[in-house]
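Engineer: generate a structure from the sequence data that follows.
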Amino acid sequence: MSAHINQSTLEHFAHYVWWEDSNELMRSNPLRIIASAMRYANSPKEYALLCKIDKGVLQEALKKAQAGWFDEKSWHYWHIMLYGENAIIPTLPKRSFLQS
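Structural biologist: Predicted structure coming up:
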């Protein structure tokens with residue numbers, strides 16, 4: 001990972017991925033937690049904490065996103081916030097029945 005993610009930040013945002021074991025996820029795929037916070041954090045306090053995360057980590061969450069991590073709105077929002085209003089926004093990762 002490009003930058004370290006503070007353990008207490010991961011613990012704080014782990015509830016956004018409530019259906020998975022938070023300790024395992026913090027160890028194996030912390031970007032999943034960050035991506036979920038980027039998608040679901042909707043209070044000023046949560047957003048402010050999210051914005052304290054290193055920009056490189058947020059960008060890495062976008063680059064390594066898997067299907068279902070973001071919705072269209074959050075996908076576009078974070079690309080514009082992190083790369084500027086003229087950002088070229090890639091296609092949102094989607095699930096498919098057959099992948100080659």
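
Engineer: from the chain's centre, how far out is the lowest-mean-pLDDT helix or strand in the chain? Work that out for me.
Structural biologist: When the helices and strands of the chain are scored by mean pLDDT, DSSP states H and E, helix 22-28 comes last with a mean of 90. Chain-centre distance of helix 22-28: 15 Å, with Cα atoms, centre = their mean, to the nearest Å.

Engineer: that helix: which residues count as buried?
Structural biologist: Going by neighbour count (16 or more other Cβ atoms under 10 Å), the buried part of helix 22-28 is 22, 25-26. Where you see a C-beta, it was placed from the backbone N, CA and C, and this is true even at glycine.

Engineer: the helix or strand hosting residue 81: which residues count as buried?
Structural biologist: Under the criterion of DSSP states H and E, residue 81 resides in helix 72-83. Under the neighbour-count criterion of 16+ other Cβ under 10 Å, helix 72-83 has 74-75, 78-79 buried.

Engineer: can I get these in CSV including pLDDT and distance to residue 8?
Structural biologist: Formatted as CSV, the buried residues of helix 72-83 follow (pLDDT from 0 to 100; distance: Cβ to Cβ, whole Å):
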residue, pLDDT, distance to residue 8
74, 96, 23
75, 97, 27
78, 97, 22
79, 97, 27
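
Engineer: adding distance to residue 56 as columns, could you present these in a markdown table?
Structural biologist: A markdown table is the format used below for the buried residues of helix 72-83 (distance: Cβ to Cβ, whole Å):
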| residue | distance to residue 56 |
| --- | --- |
| 74 | 18 |
| 75 | 18 |
| 78 | 13 |
| 79 | 15 |
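
Engineer: what's the most distant pair in these?
Structural biologist: Based on Cβ to Cβ, the longest span within the buried residues of helix 72-83 runs between 74 and 79 and measures 9.5 Å.

Engineer: residue 17 reaches residue 34, doesn't it?
Structural biologist: No - applying Cβ atoms under 8 Å, one finds residue 17 not in contact with residue 34, separated by 10.1 Å.
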